[in-house]
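*Asks:* coordinates for the following, if possible.
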Amino acid sequence: MMDQKKPPASERLLPILGRPGIEPLLDSHAAAALLGVHPRTLQRMVLRGEIAGVHVGKLWRFRPSAIDQWIERQLVG
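*Replies:* Just a heads-up that it's a prediction; the model follows:
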């Protein structure tokens, strides 16, 4: 039998339950991996207002579309 383990929390998408059509949220590690930066760098970008994120308790969450929008703004500028 294959040993199937859950991926670490940093590799899981976190859906918002109860709201159909809502995109899943990425944690700091997953969102930072998309941008190729350290998670702490991404958190600083949020605090500077460069990228949209939501603070849930002690953790940051990001919409994949917010990451895409940030990338598009960087390409245009």
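
*Asks:* packing partners for the helix or strand hosting residue 30?
*Replies:* Taking DSSP states H and E as the criterion, residue 30 maps to helix 28-35. Applying 3 or more CB pairs under 8 Å, 6 or more residues apart in numbering; DSSP states H and E, one finds that helix 28-35 contacts helix 39-47, strand 59-62, helix 64-76. Where C-beta positions appear, they are placed from N, C-alpha and C, glycine not excepted.

*Asks:* distance to residue 29 added to those, as CSV?
*Replies:* Converted to CSV, these look like this (distance: least, CB to CB, whole Å):
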stretch, distance to residue 29
helix 39-47, 5
strand 59-62, 10
helix 64-76, 13
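
*Asks:* deepest-packed of these, please.
*Replies:* Most buried of the helices and strands packed on helix 28-35 by mean neighbour count (mean count of other CB atoms under 10 Å) is strand 59-62; its value is a mean of 19.

*Asks:* in its sheet, what does it sit against?
*Replies:* Strand 59-62 has the following strand partners under DSSP bridges: strand 26-27 (antiparallel), strand 54-56 (antiparallel).

*Asks:* what's the spacing between that strand and its chain's center?
*Replies:* Between the centre of strand 59-62 and the centre of its chain there are 6 Å (CA atoms, centre = their mean, to the nearest Å).

*Asks:* hmm, who's touching that strand?
*Replies:* With CB atoms under 8 Å, 6 or more residues apart in numbering as the test, strand 59-62 has contacts from 14, 25-28, 30-31, 42-43, 46, 51-54.

*Asks:* same question for stretch 35-54.
*Replies:* Residues outside stretch 35-54 that contact it (CB under 8 Å, 6+ apart) are 25, 28-29, 31-32, 60-63, 66-67, 69-71.

*Asks:* want to try TSV for those, with distance to residue 38 and pLDDT as columns?
*Replies:* Output for the contacts of stretch 35-54, formatted as TSV (distance: CB to CB, whole Å; pLDDT from 0 to 100):
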residue	distance to residue 38	pLDDT
25	19	91
28	9	94
29	9	94
31	11	95
32	6	95
60	13	93
61	17	95
62	14	95
63	20	92
66	18	91
67	15	93
69	21	90
70	16	90
71	17	90
